[in-house]
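K.L.:
Fold the following.
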Amino acid sequence: MKDLNAKSAWADTLPSQWGPESAKIEIPLGEQPPAPSTGPTSIIAPAPAKLSLWDWMREGLRAALFLSPRTAAAAPSPWQVLVLSLLGGALLVGAARFQVAGPVQFNLRGWLAPMWSSLVLMWLAWWAMAPAQRAAAQEPSAGDSGPSGGLAAWYVLSAWAPLAPLLLLYVLMGAVAHKPDLWGGAVAGNVFWVAYGVLTLWVLATLVVVSARFIRSRLRTAIFSVAMAAVIGVGMWQFQDQPWELDALAAASAQSGEEGQAQPEPAHLVLSQAVFENQQVLWDRQVQALPAGRDGVVDVYGLVFAPYASENVFRRESTMVSTLLQERFDAQGRVVHLLNHAETADTHAWATPQNLQRAIAALAQRMDRDSDVLVIYMTSHGARNHELAASHWPLEVPPVTPEMLRAMLDEAGIRHRVIAVSACFSGGWIEPLATDSSLIMTAADATHTSYGCGTRSELTFFGRAVFHEQLRQTHSFTEAFAKAVPVIAQREVEAGKQDGFSNPQIHVGAQIVPVLRALEHRLQTAEAEGSAEAQVAAAGAKP
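P.N.:
Numbers count the residues shown, from 1 in each chain. Below you'll find the predicted structure:
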């Protein structure tokens, strides 16, 4: 064998002539070497980071200061959306409690009512942000211009961004509810409205700015902003219910009782066969005693209804109105007084929906249904759903609604109706009862409580001002109402009513106006003649 280290003609073929020996590549048995790459190097976008609940809350609160949310392409999980929604909603519901002074009850309708607007805004946001979000998904490198987590990310951030100004707005409203005297002056009133306006604009601005970061189009952002303002405006106008409402029954007891002093337990009805039999005798006697209407005379018939037995104020007020109608409106013997009270079971027929219907039918048979006037006075506690509370334990008495009363009157065919409802939220009775031949007065509007229905109250503020005071000076229901409203407002301020002016309401149908004017003229003439006769008699009696 030839020595390769020696010089020879083959020396230029030695490995040393090719440079350093290349590294050895070991390929395990049974495997093929990797194929060389023939295409360009591909870029793989990193997966969106997952954010914690705290991260979503923090970025949402940062957005309240108009800072860009640092969420990139992250999207909350379904569980995070649920938890964040419930947590934010719980904070707002808790703050809303501060807006009502006094005992409250939860209003499910008021809590659910604004949710329709959230659904509409979600659809608007989905439409507005769709092009930008699709572009961000196709070009991940462009995601640095704003969040691109889709509708779920927008929903969470837009729910938490306005949370701070909303809570401050609730605190402002609560301060007015709990300390109304501090805001009575002109300067304080201006401060309130300026603060209210600034906070409201802050809320709207945060929603617009957060949404614009997802939409990334000036035109679509403008359209979304206008639509959002319209949706929120309609919600504030048409859906004013709040998640908390004043508990009228508890407030009434609290307003009239001394602090720290227990109120005596009201007497309860004792049911017996004698009581039931006596009720039937009372009913027959009262109906048979009703006189028929007089030809050519506009007579007044009355129906006074007091279904709440647990408080004496309704007994006193209904008795006052019954007496007033007979003394001032020439309705002697023409008034049916239905009353629930433990001490009047042997003197008054019970105030139940069945007896109310029977009384209306009996009055319709006696009166001239086309020319006479039926005056109905109802006094009790009222609920936000416009039911008139009834209580006569252990007798079960269902509440009365305006729809029930309207059906009873229509069925009886009574045309001219004067209806007065002294109860909280009684303004809700006007629309169901309103006709061209009716006059309706209520102690409050549909969203406020009335006052003076506590256990120690002599009369309600409405019954006292309109019937006990003004209608003793005039025979005009409209005049009495107009003069009583400012008196009621002043007395509510003096009494410290904290949930706003009761705002009594009135409806006057065009067809009943001439009838009431004729009645007023007849009663005034009779009153003047009676006064003149009394003066002549007094003069003749002098020695």
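K.L.:
What is the subsequent helix or strand relative to the lowest-mean-pLDDT helix or strand in the chain?
P.N.:
When the helices and strands of the chain are compared on mean pLDDT, DSSP states H and E, helix 248-256 comes out lowest with a mean of 51. Sequence-wise, the next helix or strand downstream of helix 248-256 (DSSP states H and E) is helix 273-288.
K.L.:
Would you mark the buried spots in that next one?
P.N.:
Q279, L282, W283, Q286, V287 (16 or more other CB atoms under 10 Å). All C-beta spots, glycine's among them, are computed from the backbone N, C-alpha and C.
K.L.:
so the last one makes contact with A362?
P.N.:
It refers to V287. Yes: counting by CB atoms under 8 Å, A362 is a contact partner of V287 at 4.7 Å.
K.L.:
Now do the strands in the stretch 1-150 of the chain.
P.N.:
104-106 (DSSP state E, counting those that start in this stretch).
K.L.:
for the stretch 351-500 of the chain, what spans make up the strands?
P.N.:
373-379, 416-422, 438-442.
K.L.:
so which of the ones you listed comes closest to Q80?
P.N.:
Across the strands of the stretch 351-500 of the chain, the minimum distance to Q80, taken as CB to CB, is reached by strand 438-442, at 47.8 Å.
K.L.:
Any stretches of the protein with poor pLDDT?
P.N.:
Where the chain drops to pLDDT under 70, the residues are 1-49, 101-102, 140-145, 180-181, 183-186, 238-241, 245-267, 454-456, 531-543.
K.L.:
now do 50
P.N.:
1-25, 27-31, 39-47, 143, 255-263 (pLDDT under 50).
K.L.:
Show the contacting residues for V397.
P.N.:
V397 sits next to P307, N340, W350, A351, T352, P353, A390, S391 when contact means CB atoms under 8 Å, 6 or more residues apart in numbering.
K.L.:
same thing with R358?
P.N.:
W283.
K.L.:
now with 10 Å?
P.N.:
The contact partners of R358, taken as CB atoms under 10 Å, 6 or more residues apart in numbering, are W283, V287, V336, L338, A349, T352, M408.
K.L.:
Compile those residues into CSV and extend it with columns for distance to T200.
P.N.:
As requested, the contacts of R358 are exported to CSV (distance: CB to CB, whole Å):
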residue, distance to T200
W283, 57
V287, 58
V336, 52
L338, 48
A349, 53
T352, 48
M408, 45
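K.L.:
Give me the subset of the residues you listed that lies in helices.
P.N.:
Of the contacts of R358, the ones assigned to helices by DSSP state H are W283, V287, M408.
K.L.:
How about the first one, nearest residue that isn't a chain neighbour?
P.N.:
Read that as W283. A349 (5.1 Å; CB to CB, 6 or more residues apart in numbering).
K.L.:
quick one, what contacts that neighbour?
P.N.:
For A349, the contact set (CB under 10 Å, 6+ apart) comprises 278-287, 336-340, 355, 358-359.
K.L.:
and what of F425?
P.N.:
Applying CB under 10 Å, 6+ apart, the residues near F425 are 245-246, 248, 381-387, 442-450, 502.
K.L.:
same thing but at 8 Å, please
P.N.:
F425 touches A248, G382, A383, R384, H386, A444, D445, A446, T447, H448, T449, counting by CB under 8 Å, 6+ apart.
K.L.:
same deal with A444?
P.N.:
G382, A423, C424, F425, S426, G427, S450, F462, S502, N503, P504, Q505.
K.L.:
Filter those down to the buried ones.
P.N.:
G382, A423, C424, F425, S426, G427, S450, F462, S502, N503, P504, Q505.
K.L.:
Save those residues as CSV, and put in distance to T525 too.
P.N.:
Compiled in CSV, the buried ones among the contacts of A444 are given as follows (distance: CB to CB, whole Å):
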residue, distance to T525
G382, 37
A423, 35
C424, 39
F425, 39
S426, 33
G427, 35
S450, 35
F462, 29
S502, 35
N503, 35
P504, 30
Q505, 31
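K.L.:
ok, of the contacts of F425, which come out buried?
P.N.:
A248, G382, A383, R384, H386, A444, D445, A446, T447, H448, T449.
K.L.:
E529: neighbour count?
P.N.:
Counted with other CB atoms under 10 Å, residues neighbouring E529 total 10.
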